[in-house]
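1. Fold the following.
(4 chains)
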Number of protein chains: 2
Amino acid sequence: MSSADAIQLAVSTVIFALRPHPESGRSTVWIPLVRRTRAPFEGEWALPGGWAEADESLSDTAARKLLETTAVAPTYLEQLYAFGELDRSPSGRVVSVAYWALVRPDQADAATEGENVRWFVADELPALAFDHNVIVDYALWRLRTKLEYSRIAHAFLGETFTITELRQVHEAVRQRPLDPANFRRQVESSPALVRTDEHVVGAAHRPARLYRYNTDVELADVGPLARLRKDPR
Amino acid sequence: MSSADAIQLAVSTVIFALRPHPESGRSTVWIPLVRRTRAPFEGEWALPGGWAEADESLSDTAARKLLETTAVAPTYLEQLYAFGELDRSPSGRVVSVAYWALVRPDQADAATEGENVRWFVADELPALAFDHNVIVDYALWRLRTKLEYSRIAHAFLGETFTITELRQVHEAVRQRPLDPANFRRQVESSPALVRTDEHVVGAAHRPARLYRYNTDVELADVGPLARLRKDPR
DNA sequence: CCAAAAGTGTTCGTACTACACCCATGC
DNA sequence: GCATGGGTGTAGTACGAACACTTTTGG
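-> Now for the predicted structure:
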């Protein structure tokens, strides 16, 4: 028999939401962490996750653990990387399949927060348990990289949204201002956006048109992997 | 205790090399497959791989299995994806961490080939064991996508090479001809290429200048993951 | 001289940038 | 009217595509 039995398989998830920065007030990327209640790294902060289950797919485990610990249902969930170094955990050999998820602000607000679950600004984290700082850094890099060529920004927003709201998502994630005029043209020429006839009313300026996300277009191009969702194998 | 013990962890690798197509003679992408010698899928072709070992990192396992089965040492090795669906194997729950590798033609020529190991044109595969067709398709997609924005084409070539050789790698992978003049300018303006003073002699035309790969530049941008190689955790 | 591939120059179209300017609303 | 953000116009620039052209070798 193989020695695979000696390897523990875990699933962890980096959950991203946008909230105002406590000092600057500008929208920034936040993630929830859970405090470890047992060794190793007892008392330290770590990514939400748990052991993989034999009767559940890895992505299902990621989604379930995410829901259990933070009461959040993600609008986007993607596998990040399988971390398989030898010295990741002092308690033995653990391979962690990391996922990353995007949630809307209203989902994040409804999230449980308490002694053992707290939200942090993603770029200002304390030292985390295991190699979780590396995992978060990589997830942040993927988020920022992928935002530029995919449509994942929509996952931070509701059913309908204005171009300005979409731009603010990009500005928060990419941490720099974008030209409103040019941004508008870029995204409006994309087939992923559908204009509605509705407008936002009540603001002290010209009403902004509402847009909808075109669900015919995949949020992120994952290539042939999209097949897995419809036709596994 | 968790039920993680019931999950088998495997490592598989998609190995890419360039060779002439048997019919057209044009350079194309090939991969080696191994014939399974036991159930499930006995007698069918599958990706080289094996069980993860408790005392070996996942990437080391991928490199070792690759060497054992095909006697090839890759010039590039990258993790592809962790396949964790429930019904992947009829023999029980198996999670496979897939890798993909690039090898040079001379390495591929030296590779063992026999009754149980054979090279195939990557785009003309038979039905493979497990979900390995999906894995190969995804690896091919990643190779083709990544070739356009990374420097991985160099991994198919030797120490020094001509611009034309580099272009032929791109043409083989991307399956379309590229303008020699424009291709030359594009890659020559990149810092990843270093001109040497050597030239190829003996050809019935103007001698081509040899270039070298600038090792200061990472082959592929993997973001903060590059840290793992120097400073794990 | 000719063939063949190496290498250079030039034109064209597209797409992103910067920034000026007009539009529609609340107060 | 005035402030505010929504939305349009436009000139400059960078870059890739297409392709004509020159260079340097072997035969």
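
2. Would stretch A:165-180 count as contacting DNA strand D?
-> Yes - using C-beta under 7 Å from any atom of the strand, stretch A:165-180 comes into contact with DNA strand D via residue A:180. Where C-beta positions appear, they are placed from N, C-alpha and C, glycine not excepted.

3. which residues make contact with that stretch from outside it?
-> Contact with stretch A:165-180 is made by A:18, A:26-29, A:143-144, A:147-148, A:153-154, A:156-157, A:163-164, A:183-184, A:187, A:211, as judged by C-beta atoms under 8 Å, 6 or more residues apart in numbering or on different chains.

4. Next, the buried residues of the biggest strand by length in chain A.
-> The single longest strand within chain A, with elements called by DSSP state E, is strand A:8-20. Neighbour-count burial for strand A:8-20, counted by 16 or more other C-beta atoms under 10 Å in any protein chain shown, picks out A:8, A:9, A:10, A:11, A:12, A:13, A:14, A:15, A:16, A:17, A:18.

5. of all those, which comes closest to residue B:125?
-> Nearest to residue B:125 among the buried residues of strand A:8-20: residue A:9, at 28.8 Å, using C-beta to C-beta.

6. so does the longest strand of chain A get close to chain B?
-> Yes - figure legend: strand A:8-20 in contact with chain B (C-beta under 8 Å from any C-beta of the partner chain); contacting residues A:8, A:9, A:10.

7. other SSEs contacting the helix or strand that comes right after that strand?
-> Using DSSP states H and E, the next helix or strand after strand A:8-20 towards the C-terminus is strand A:27-35. In terms of contacts (3 or more C-beta pairs under 8 Å, 6 or more residues apart in numbering or on different chains; DSSP states H and E), strand A:27-35 is packed against strand A:8-20, strand A:45-46, helix A:58-70, strand A:117-121, helix A:132-149, helix A:163-174.

8. In JSON lines, list those along with mean pLDDT.
-> Listed next are those as JSON lines, based on pLDDT from 0 to 100:
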{"stretch": "strand A:8-20", "mean pLDDT": "96"}
{"stretch": "strand A:45-46", "mean pLDDT": "98"}
{"stretch": "helix A:58-70", "mean pLDDT": "92"}
{"stretch": "strand A:117-121", "mean pLDDT": "94"}
{"stretch": "helix A:132-149", "mean pLDDT": "97"}
{"stretch": "helix A:163-174", "mean pLDDT": "98"}
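
9. quick one, domains of chain A?
-> Using automatic domain parsing, the domain parsing of chain A gives A:8-147, A:152-224.

10. Tell me which of these sits most buried.
-> domain A:8-147 (a mean of 19; mean count of other C-beta atoms under 10 Å in any protein chain shown).

11. Write out the residues of chain A neighbouring DNA strand D.
-> Along chain A, the residues adjacent to DNA strand D under the rule C-beta under 7 Å from any atom of the strand are A:162-164, A:180-182, A:184-185, A:188, A:199, A:203-209.

12. Let's see that with 6 Å instead.
-> A:162, A:163, A:164, A:180, A:181, A:184, A:204, A:205, A:206, A:208, A:209 (C-beta under 6 Å from any atom of the strand).

13. give me phi/psi at the closest residue to the second one other than its chain neighbours?
-> In this structure, residue A:163 finds its nearest non-sequential neighbour in residue A:184, 5.1 Å apart by C-beta to C-beta, 6 or more residues apart in numbering or on different chains. For residue A:184, the backbone dihedrals (degrees, to the nearest 10) come out as phi -50, psi -50.

14. same check, this time on the one 3 residues further on
-> Recorded main-chain torsions at residue A:187 are phi -70, psi -30, according to degrees, to the nearest 10.

15. Residue A:179 too?
-> Torsion angles, degrees, to the nearest 10, at residue A:179: phi -70, psi 120.

16. per-residue confidence at it?
-> Per-residue pLDDT puts residue A:179 at 98.

17. Residue A:171 versus that one, what's the distance?
-> 11 Å (C-beta to C-beta, to the nearest Å).

18. swap in residue A:205?
-> Counting by C-beta to C-beta, the gap from residue A:205 to residue A:171 is 19 Å.

19. quick one on the thing from earlier: residue A:162 is in contact with the residue nearest to residue A:163, correct?
-> No - look at residue A:184 against residue A:162 with C-beta atoms under 8 Å: they stay out of range, at 10.1 Å.

20. In chain A, where is pLDDT below threshold?
-> A:1-5, A:229-233 (pLDDT under 70).

21. again, only this time at 50
-> Scanning chain A with the threshold set as pLDDT under 50 gives A:1-4, A:231-233.

22. Which positions in it make contact with DNA strand C?
-> Residues of chain A lying near DNA strand C (C-beta under 6 Å from any atom of the strand): A:179, A:181, A:182, A:186, A:202, A:204, A:205, A:206, A:207.

23. Secondary structure and distance to residue B:41 added to those residues, as JSON lines?
-> Listed next are the residues of chain A next to DNA strand C as JSON lines, based on DSSP: H, G, I helix; E, B strand; the rest coil; distance: C-beta to C-beta, whole Å:
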{"residue": "A:179", "secondary structure": "coil", "distance to residue B:41": "55"}
{"residue": "A:181", "secondary structure": "helix", "distance to residue B:41": "57"}
{"residue": "A:182", "secondary structure": "helix", "distance to residue B:41": "53"}
{"residue": "A:186", "secondary structure": "helix", "distance to residue B:41": "48"}
{"residue": "A:202", "secondary structure": "coil", "distance to residue B:41": "63"}
{"residue": "A:204", "secondary structure": "coil", "distance to residue B:41": "67"}
{"residue": "A:205", "secondary structure": "coil", "distance to residue B:41": "65"}
{"residue": "A:206", "secondary structure": "coil", "distance to residue B:41": "64"}
{"residue": "A:207", "secondary structure": "coil", "distance to residue B:41": "61"}
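
24. Quick check: of those, which lies closest to residue A:65?
-> Of the residues of chain A next to DNA strand C, the one sitting nearest to residue A:65 (C-beta to C-beta) turns out to be residue A:186, at 36.2 Å.

25. Next, work out how far apart the closest one and residue A:192 are.
-> From residue A:186 over to residue A:192 (counting by C-beta to C-beta), the distance is 11 Å.

26. and residue A:96, that's in a strand?
-> Yes - the assignment for residue A:96, made by DSSP: H, G, I helix; E, B strand; the rest coil, places it in a strand.

27. Next, the contact list for residue A:126, please.
-> A:45, A:120.

28. now stretch A:68-80, how far from the centre of its chain.
-> Computed by C-alpha atoms, centre = their mean, to the nearest Å, the chain-centroid distance of stretch A:68-80 equals 7 Å.
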